[in-house]
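In: Sequence and predicted model, in that order:
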Amino acid sequence: MRSMRVRIEGDSMLPVLRPGDWLVVRRGARVRPGDLVVARLPDDPARMIVKRAAWRDGDGWWLESENQRAPGRRDSWDFGAVPGSALVGRVLFRYWPLAPRRAASQPRWPLRWRRRAR
């Protein structure tokens, strides 16, 4: 399987992803607008970033942070569209932490999925 694990650092993807979250990423997977992706920074290819693929811009992708006010955030607003060759893969799921975190304003008991009528 062509997958890899990625650990989130920094606050640029809050509230969707938090520092310490672990993700499974499928390398070379097809990317669509709205997907979370892992890409190499254009000016520092040794560093990888996790961002949302906002739209396709010619031969590249416009990648955006969820939290534009995060200190030190880097996305396409700083370096422009990222070429498709810089995309490493698409985020499949978060596997750690196991339980979803809740904000203090959310109810104590988790909401449950509604079952479909058969």
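Out: On my side now, so go ahead.
In: what's the longest strand in the protein?
Out: With secondary structure taken from DSSP state E, the chain has its longest strand at strand 44-57.
In: now for the helix or strand just after it, which elements pack on it?
Out: With elements assigned by DSSP states H and E, the helix or strand that comes after strand 44-57 is strand 60-64. If you count contacts as 3 or more C-beta pairs under 8 Å, 6 or more residues apart in numbering; DSSP states H and E, strand 60-64 packs onto strand 36-41, strand 44-57, helix 76-79, strand 82-83. C-beta here means a position set from N, CA and C on the backbone, and glycine is covered the same way.
In: would JSON lines of these with distance to V91 be doable?
Out: JSON lines is the format used below for the helices and strands packed on strand 60-64 (distance: least, C-beta to C-beta, whole Å):
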{"stretch": "strand 36-41", "distance to V91": "4"}
{"stretch": "strand 44-57", "distance to V91": "7"}
{"stretch": "helix 76-79", "distance to V91": "17"}
{"stretch": "strand 82-83", "distance to V91": "15"}
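In: Now mean pLDDT too, for the ones you listed, in JSON lines please.
Out: Compiled in JSON lines, those are given as follows (pLDDT from 0 to 100):
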{"stretch": "strand 36-41", "mean pLDDT": "98"}
{"stretch": "strand 44-57", "mean pLDDT": "96"}
{"stretch": "helix 76-79", "mean pLDDT": "96"}
{"stretch": "strand 82-83", "mean pLDDT": "96"}
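In: Output the ones you listed as a markdown table; include the columns mean neighbour count and distance to P15.
Out: Below are those laid out as a markdown table (neighbours: other C-beta atoms under 10 Å; distance: least, C-beta to C-beta, whole Å):
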| stretch | mean neighbour count | distance to P15 |
| --- | --- | --- |
| strand 36-41 | 20 | 13 |
| strand 44-57 | 16 | 13 |
| helix 76-79 | 14 | 19 |
| strand 82-83 | 19 | 23 |
